[in-house]
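>>> sequence and predicted structure are below.
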Amino acid sequence: MKYSNEIVSKVIAGYLGKQIINTNQDSIDFNRKGILFTVGLDAVDVLYSSQIYTSWKHSEFKLLLRPLSYISEEHWQELIKIGLPVVAGDLPAFIHWLLKEDNFKKLSWQAYQYLKDKGYSMPEYLLDGLDPISAGIAIEKI
């Protein structure tokens with residue numbers, strides 16, 4: 001499904017601080033010092049060290065995100081501290097539970113935002129429940 005530039009912009013803006021890669025395979029890490037960027041309705045504008053400027057149209061780049069099936073042990077331990085719905089078992093059992101249809105909705109907003117902030121591709125209501133990788137806005141970073 002093709003999404004409007006407005007929806008793509010909103011989804012991308014939810015992943016500020018994450019890497020993007022353009023179709024030429026150039027990568028930009030938004031956490032790198034000295035980089036300013038603006039997410040616009042049809043492009044991401046990037047300014048490097050106040051001299052080099054580029055603008056990538058939404059069709060020219062993808063977010064680099066991790067699939068939920070790759071939650072790390074470290075992030076799992078943090079999720080336990082944040083608080084999770086009652087799920088029996090360990091990390092593999094949690095991942096299995098989380099990947100079942102709509103179970104992500106049972107996460108607290110803090111747990112959902114934590115995973116998103118750590119670069120996991122989280123289902124989005126703007127994408128009709130798909131995550132950015134499934135919707136074609138991102139590619140897997142493993």
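Great, that's in hand. Numbers count the residues shown, from 1 in each chain.
>>> Arg66 reaches Asp117, doesn't it?
No - using C-beta atoms under 8 Å, Arg66 makes no contact with Asp117, being 11.8 Å away. Backbone N, C-alpha and C define where each C-beta goes, glycine included.
>>> pick out whichever of the two has more residues nearby.
Arg66 (20 against 14; other C-beta atoms under 10 Å).
>>> quick one: contacts for that one?
Residues in contact with Arg66 (C-beta atoms under 8 Å, 6 or more residues apart in numbering) are Lys118, Gly119, Tyr120, Ser121, Glu140, Lys141, Ile142.
>>> phi, psi for the residue lying closest to the last one once chain neighbours are set aside please.
Once its chain neighbours are removed from consideration, Ile142 has its nearest residue in Tyr70; the separation is 6.0 Å (C-beta to C-beta, 6 or more residues apart in numbering). Note on Tyr70: backbone dihedrals following degrees, to the nearest 10 are phi -110, psi 30.
>>> count of neighbours near Tyr70?
Tyr70: 13 neighbours (other C-beta under 10 Å).
>>> what ranges does the protein have for its helices?
For the chain, the helices defined by DSSP state H occupy 5-13, 73-82, 91-98, 109-117, 132-135.
>>> domain-wise, how is this protein divided?
Using automatic domain parsing, the domains assigned to the chain come out as 1-67+121-142, 69-118.
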